[in-house]
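Visitor: Build the 3D model from these lines:
(chains A and B)
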Amino acid sequence: MASSSSLSNRELGQSTSPASIRTVLQRYLRTRLLFPAMILVVIVVTLNAAQRYGGVIREKEADTRAFATSVDHYLREAQAATAFLADVAHRGSFSETATSYLRRSEVFERTLHLDSKGRVSHAVPTTGEILDYSRLIQFTRAGPRDSAQQPPEDWTDPPVSDRSASRKDMQITAPYRAPEARHLTVGLVAPIRDGSFLVNELSLRALQGFLTDFVTDDGNTLTVIVDEYGNLLGHPDWERVKRQENLGHIEPVRNALNGAEGFLGIAADDGRTYLWSSEHTEFARWSVLSAHPVRSELLPIGVVLAVLLGAILAGFTTAGWLLSRTLDANVAYPLARLTEGLAEIEHGKQFRPKYAPRFRELEELYRQFESMTAAIFEREQMLQDSLNEKQALLREIHHRVKNNYASIISLIRIHQYNEQAMQLEPHTVLRDLANRIHAMALVHQMLYRSPRLDRVQFDEYLRELMSYTTQSIDCRGIQLHFSAEGVTLSMDQAVPCGLIANELVTNACKHAFPGRDPGAPAGCAGSIAVTMKREGHSFMLSVADDGIGMPELEPGASLEDAENSSVGFPLVRMLAESQLGGELTVENQGGTRVVLRFPADLDT
Amino acid sequence: MRMSRISGSHLLAVLGLLVLVGGGIVSVRCTPSPITVGFAGPLTGPYSDLGVQGRNGAQLAVERVDAEGGIAGRELELMAVDDEGTEDGARRVADELVNADVTAVIGHMTSDQTVAALPIMNEAETVLISPTTSTPLLDGRENMLFRPHASTDRAAMVLGRYAAQDGSCESLAIVRDTDNEAYSDPFHRFFKQEYTAFGGDVVLDLSVASRQSPDWRSVVGRIADANPQGVFLILSARDSAQFIQALRASEYQPAVFSSEWAMTGDFVRAGGRAVDGTTLVTTAFLNNPTSRYQEFRRRYRERFGTEASFAAERSYNSVTVLAEALRHTGGNADGLPKALVAVEDLPGLLGPITLDEYGDAVSSVHVIRVEDGEFVELEEIPVEELPNPNGLQQ
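Guide: Residues are numbered from 1 along each chain as shown, chains lettered A, B, ... in the order given. A predicted model of the protein is given here:
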């Protein structure tokens, strides 16, 4: 198996063994299912996150716009109040009206009526020692920033409307700490027709209170107002306004100061990270900023997306795992069993599936495989049987060869020690020996021609043998008859039978028909009949001639008497008794008939 | 075998989540941590003009350093805290900054607060670079305080001498704020001794506590009753402005002298035209027309919408000095004192800055007058011509 696998790899040009089906399935699931699924999930989740993020941004931008609108509304009301007080100041009833107004409203810290030089004519409440406001209020006029903080050279410069003041004429100052004021203020400055000014000091603390009321503060969101330089005017943490902090170092705020509106990005402030969006106010050059904590705004999205992502990935993973498990149970495991079954064939175990496969193709594979292994085993058994037979036959052949050699030696010794034989001519002795050895060899010749290597068709053998024998000796005028149809003999029995038949026929040809005419047609001189047939559990071989019989023997003479009269008879007797376990009888009446009966072997 | 495959699949899922969730965190973590520099000053209260200007100046310098690449690849980050202009506040924020493990502190802006916070800084071995603390009480001491500007003793003497000689003011009333005594007391002493040494006569010496909101008209009334030719103020900008406005509202119109403490934008804005003509003394002349300083003023105005005062300029210089020292220590606090005293001829906004072995600096003194809302130099006394304060008893 290993060698065939190596060959297979070489044929495929692979330097390493291929991966297992588990690994292949696992890779397939990862590359074709899990990875694409993960990428798909990530894309879906990212799109979803972008959509949700966009929703949050739009929501925050809307909040900021609403917030800016509110601030504008607040400032417009402050403008209206300033215009009203400017009118009042022009009519000369400033102090009473301003006192009454400030008593009812906390929007302004102080209301001042300044003369054209910036000196305080009236102030509610009073400004203490500070009576010169000419440099305290700085205009934030539209125009270059360099000049934005420059105080007006002449307080009569600002435009004066036909009415005492209009919103268009009003100026709003940078934040400043007013004399004896509780909090930071910005001034709303309205020119009056007589050249004086009405200044309302807007309380940033009051603005803070308004923001707090307006904005639903969850404690995390910052609603911030900055001036055009990023100086804080409003912040949920009033202390930061008091500290006059500047947010210009925060990039989104800087972008807002440069004119950007809407969502401005993510940046940290005071150790926390926010989503910043901004909107400009209409009246002042202020920016309204909303800063929403990234954590509270995006964390829920992140959690939802993480859960979604986790659930989808878990689903895919579980599905992949289940699929992998199913493939493993239905494909990989059965194939592994099949492979193990193949390996076990080497050890002589036949493949027998212990459970039924769960799909048709594999069932067919199992069935074919089982059938194939059964065929292999059957053929192997046949081969084994054949091998065993051949091995036994080989052993038998060796045994026969040894026996044949022994027989040859015996034949020779018969001639050596037999007196009659010693009187024979040497060529006659050699011829007889050759005939006898031929009879033995003919058995082997018949055997290797036979489909069965252990048995000989005796009739055919007899025909061949007699043909040879009659050619080697002078049998002219003698008719030979053979009858052994259907008889097969083992080599153990065929050889002695052949020798006996050879010996008896040779004797008959030599001695049964003396004085015959060699030129007479066959049968005219006499006939010899060789018969071999089955008689129950025995075989009967008879050689009969119609010659002169055995004249040296008296009627009823024994077999021993016949032996003494011929060289061949001792040999016949020895073969019949010792090798075939048979019995010889001689009938000497109207010719000679020698009959041999011997038991058939078990295979016959 | 099967378990390992399951774990592998789960691992992939977890990795995916980690990549998504952790990516942002990792990117944040990879950013080098900033070097936190504390700022302590009065951001609220009567002295807040110093604190706010100082903080803004420091912020501007930090932004410049960061724009130039920071220190050893790390950005500077300013952590500003409010000492409320009180000693208790100074001690509180000193603890806060030490606990925040800041690399150094820029502050405080008034001498009393510096004196209160210094023991805490010394114990914590945290460097304190004060932009405006100029009391000579801290001169010549080896501690964690560094001042890249001169103390006020010489400036006080210069102003005393100027009032007696050039100001043609033979008699004076002095008003000083005892709520910043570490500053006002030595300034008062050096001024008075020099002024009297040059023939001046202090006819009235008043102490006020600014946090108790003094009745400035009453103070003016008392001085008017004494009728000196001049008034010398050691008050904050806002208090000085209120006093001078009250003074100009009266019929009594003496010459007015002031310490450097009042020399901020608040003084001019809140004082209005009344403060025109006031003579001040400073070791940092704001109208120095160097391009570096003009650039600083322009950037400050663009950034914060107001004019930079000496407090902003000195805070800017303080951060510049600190950044230079940090470059030598690789951004670490270790070795910072040695690196600071090694600072020599560092280009500052108004000129080269050199710290002596005690972390102090000496500079020329400028006599300034307010004219039409602007600070204008009357006289510059170079270092070599400055009076020697060691001859006076501290």
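Visitor: burial of the residue of the stretch 101-250 of chain B found nearest chain A, as a residue count?
Guide: Nearest residue of the stretch 101-250 of chain B to chain A (C-beta to the nearest C-beta) works out as B:Ala246 at 3.6 Å. For the C-beta atoms, the positions are set from N, CA and C on the backbone; glycine is no exception. As a burial measure, B:Ala246 scores 21 neighbours (other C-beta atoms under 10 Å in any protein chain shown).
Visitor: Quick check: it vs B:Ser259, distance?
Guide: Going from B:Ala246 to B:Ser259 by C-beta to C-beta, to the nearest Å gives 18 Å.
Visitor: Could you pull up the contacting residues of the residue of the stretch 101-250 of chain B closest to chain A?
Guide: B:Ala246 makes contacts with A:129, B:216-217, B:219-220, as judged by C-beta atoms under 8 Å, 6 or more residues apart in numbering or on different chains.
Visitor: ChimeraX command for the buried members of the residues you listed?
Guide: Selection of buried members from the contacts of B:Ala246 for ChimeraX, criterion 16 or more other C-beta atoms under 10 Å in any protein chain shown:
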select /A:129 /B:216,217,219,220
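Visitor: how about the contacts of B:Ala246 in JSON lines, adding secondary structure, pLDDT and distance to A:Asp270?
Guide: What follows is these, written out as JSON lines (DSSP: H, G, I helix; E, B strand; the rest coil; pLDDT from 0 to 100; distance: C-beta to C-beta, whole Å):
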{"residue": "A:Glu129", "secondary structure": "coil", "pLDDT": "80", "distance to A:Asp270": "37"}
{"residue": "B:Trp216", "secondary structure": "helix", "pLDDT": "93", "distance to A:Asp270": "38"}
{"residue": "B:Arg217", "secondary structure": "helix", "pLDDT": "91", "distance to A:Asp270": "42"}
{"residue": "B:Val219", "secondary structure": "helix", "pLDDT": "95", "distance to A:Asp270": "41"}
{"residue": "B:Val220", "secondary structure": "helix", "pLDDT": "95", "distance to A:Asp270": "43"}
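Visitor: Switch the contacts of B:Ala246 over to JSON lines; also include distance to B:Ala94.
Guide: Rendered in JSON lines, the data for the contacts of B:Ala246 read as follows (distance: C-beta to C-beta, whole Å):
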{"residue": "A:Glu129", "distance to B:Ala94": "35"}
{"residue": "B:Trp216", "distance to B:Ala94": "33"}
{"residue": "B:Arg217", "distance to B:Ala94": "38"}
{"residue": "B:Val219", "distance to B:Ala94": "33"}
{"residue": "B:Val220", "distance to B:Ala94": "37"}
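Visitor: now, the most widely separated pair of the contacts of B:Ala246?
Guide: Maximum pairwise distance in the contacts of B:Ala246, criterion C-beta to C-beta, is 9.8 Å, between A:Glu129 and B:Val219.
Visitor: shared neighbours, the two?
Guide: With contacts defined as C-beta under 8 Å, 6+ apart, the residues adjacent to both A:Glu129 and B:Val219 are B:243, B:246.
Visitor: B:Leu60: neighbour count?
Guide: Neighbourhood size, B:Leu60 [other C-beta under 10 Å]: 25.
Visitor: My guess is it contacts B:Arg298. True?
Guide: No. Using C-beta atoms under 8 Å, B:Leu60 is not in contact with B:Arg298; the gap is 11.0 Å.
Visitor: Show me which residues of the stretch 101-250 of chain B sit near chain A.
Guide: Residues of the stretch 101-250 of chain B found near chain A (C-beta under 8 Å from any C-beta of the partner chain) are B:216-217, B:238, B:241-243, B:245-246, B:248-249.
Visitor: which among those residues gets closest to A:Lys60?
Guide: B:Arg238 (39.6 Å).
Visitor: Find the helix or strand that that closest one is a member of.
Guide: Using DSSP states H and E, B:Arg238 sits within helix B:237-249.
Visitor: Point out where the chain drops to low pLDDT.
Guide: Going with chain A. A:1-16, A:138-169, A:182, A:214-219, A:518, A:552-567, A:602-604 (pLDDT under 70).
Visitor: switch to chain B, that's the one I care about
Guide: Applying pLDDT under 70 to chain B flags the ranges B:1-30, B:167, B:285-289, B:390-394.
Visitor: check contacts around whatever residue of it ends up closest to chain A.
Guide: Of all residues in chain B, B:Gly272 sits closest to chain A, with a separation of 2.9 Å (C-beta to the nearest C-beta). By C-beta under 8 Å, 6+ apart, the residues touching B:Gly272 are A:118, A:130-136, B:241, B:245.
Visitor: Quick check: can you list the domain ranges of chain A?
Guide: The record, using automatic domain parsing to delimit domains, assigns chain A the ranges A:28-307, A:396-599.
Visitor: Output those as JSON lines; include the columns distance to chain B.
Guide: Listed next are the domains of chain A as JSON lines, based on distance: least, C-beta to the nearest C-beta, whole Å:
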{"stretch": "domain A:28-307", "distance to chain B": "3"}
{"stretch": "domain A:396-599", "distance to chain B": "56"}
